[in-house]
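Participant: how would this look folded up:
(2 chains)
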Amino acid sequence: MQLLNLYNCLPTYLVIGALLFAFGVYGMVVRRTVIGMLISSEFILAAASTNFMAFNRFLAPDPVVGQIFTLFIMAIAAAEAAIAVSIMIAVYRNYKTIETEDLVDLQG
Amino acid sequence: MQALVCQPTAAPALFSAEGAVGVIFLLTVALVVTGALIAVNANRLVRAVAGLAVCFTGLAGVYYFLLSPFLAMMQMLIYVGAVSILIAFGIMMATPEEQQTTGMKHRSILAGPLAFSVGALIFAALTVLGLKTQWQVFPRQGAFDIKAVGMSLLTTHSLVFELISIVLLMAIIGALVLAQRGRN
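Facilitator: Have a look, this model is predicted:
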């Protein structure tokens, strides 16, 4: 059963990362609200940290660096989510909507 | 080459300890994929956030399999505990009741297939890249444990550590200022 040995292989984790990244890009394109796009951007960041953790586990000489980088990505993602939600609340106060098709004042 | 990135090459039997670990890993991956599918395709935003939480729970399991229980705990704490709840609060505060769907009504028919093909292309390209590359393995020098992570945060990476704390402080102040503005 080679299937049960997948967790010891680097390509498995790379495929998981690629899958998360593709889901993120798909969601960014297909979503029409700011919150949906925020959720998709979280997937893109998660894909990046999955790849860092995979290379850290299998290839890196010093296995601390990848963990610390992933920790920093998590902090950045948390800050980004907080800022994005507060921007959403500010936009909602002015426009009474968060659908991207209604937020086109700069388009002229 | 494949033997280098797949560490023990012998496959375990299904009813052994290693086989059970493999089954748990497959379940974890299934959790990740299911959660991501729900989060990207759900019609209501609250369900998308629930899918996000499910997916990140599975991802914490994946981090555990990558020999980092500390990062798995941080993933549960930050993503599942904080970010998902924050987005749920955003949905509750910034969306009127009739608008809590993802706005599928006025969009082009082409948007769905186009987005799907873009995502599938990216996935195929990255997968081929990951499978075909001849990865080079370097000899291991350090340890995996949380003690090494803590030591490194206070010595080698201390500047980045301080910078990230400033970024987080700025984010807190900025979020407060942004949400305060326009309030009467």
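Participant: which stretches of chain B form strands?
Facilitator: For chain B, no strands are identified by DSSP state E.
Participant: in contact with residue 25, which residues?
Facilitator: Chain wasn't specified; assuming chain A. Contact partners of residue A:25, counting by CB atoms under 8 Å, 6 or more residues apart in numbering or on different chains, are A:40, A:44, B:115, B:118-119, B:122. Any C-beta I mention is one placed from the backbone N, CA and C, and that applies to glycine too.
Participant: wait, I meant chain B there
Facilitator: Residues counted as contacts of residue B:25 (CB under 8 Å, 6+ apart) are A:6-7, B:61, B:65.
Participant: out of those residues, who's nearest residue A:55?
Facilitator: Using CB to CB, residue B:65 comes nearest to residue A:55 of the contacts of residue B:25, at 14.5 Å.
Participant: show me the contacts for the spatially closest residue to the closest one that is not a sequence neighbour.
Facilitator: Leaving aside its chain neighbours, residue B:65 sits nearest to residue A:7 (4.9 Å; criterion: CB to CB, 6 or more residues apart in numbering or on different chains). With contact set as CB under 8 Å, 6+ apart, residue A:7 has these partners: B:21-22, B:25, B:65.
Participant: any idea how far residue B:158 is from residue A:7?
Facilitator: Distance, residue A:7 to residue B:158, using CB to CB, to the nearest Å: 33 Å.
Participant: kindly list the longest helix within the chain.
Facilitator: Going with chain A. With secondary structure taken from DSSP state H, chain A has its longest helix at helix A:65-95.
Participant: look at chain B instead
Facilitator: helix B:17-41.
Participant: of the contacts of residue A:7, just say which sits nearest to residue B:127.
Facilitator: The closest of the contacts of residue A:7 to residue B:127 turns out to be residue B:25 (CB to CB; 18.3 Å).
Participant: so what's residue A:56 scoring on pLDDT?
Facilitator: pLDDT for residue A:56: 90.
Participant: so it sits in a helix?
Facilitator: Yes - according to DSSP: H, G, I helix; E, B strand; the rest coil, residue A:56 belongs to a helix.
Participant: how many neighbours does it have?
Facilitator: Look at residue A:56: counted by other CB atoms under 10 Å in any protein chain shown, it has 23 neighbours.
Participant: before we move on, what about the one 3 residues further on?
Facilitator: Per other CB under 10 Å, the neighbour tally for residue A:59 reads 17.
Participant: could you do the one 3 residues further on as well?
Facilitator: Residue neighbour count, defined by other CB under 10 Å, stands at 15 for residue A:62.
Participant: wouldn't it be in contact with residue B:142 here?
Facilitator: Yes - at 4.4 Å, residue A:62 counts as touching residue B:142 under the criterion of CB atoms under 8 Å.
Participant: about what we covered before: and the longest helix of chain B, what's buried?
Facilitator: Using 16 or more other CB atoms under 10 Å in any protein chain shown as the test for burial, helix B:17-41 gives B:18-19, B:21-22, B:25, B:28-29, B:31-33, B:35-36, B:38-41.
Participant: circling back to that earlier point, check which residues of the longest helix of chain A are buried.
Facilitator: A:65-75, A:77-92.
Participant: now the helices for chain B?
Facilitator: Going by DSSP H, chain B shows helices at B:2-5, B:17-41, B:45-65, B:69-75, B:84-94, B:111-132, B:146-154, B:158-180.
Participant: and the third one with helix B:17-41, angle?
Facilitator: Comparing the axes of helix B:45-65 and helix B:17-41 via axes from the mean of the first three to the mean of the last three CA atoms, to 10 degrees yields an angle of 150 degrees.
Participant: where in the chain is pLDDT low?
Facilitator: All of this refers to chain A. By pLDDT under 70, the low-scoring segments of chain A are A:1, A:107-108.
Participant: sorry, I should have been clearer: chain B.
Facilitator: Along chain B, the model assigns pLDDT under 70 to residues B:1-11, B:96-108, B:182-184.
Participant: how's it carved up into domains?
Facilitator: Domain assignment for chain B, taken from automatic domain parsing, gives B:1-102, B:145-184.
Participant: deepest in the core, which of those is it.
Facilitator: For the domains of chain B, the largest average neighbour count (mean count of other CB atoms under 10 Å in any protein chain shown) is found in domain B:1-102, namely a mean of 18.
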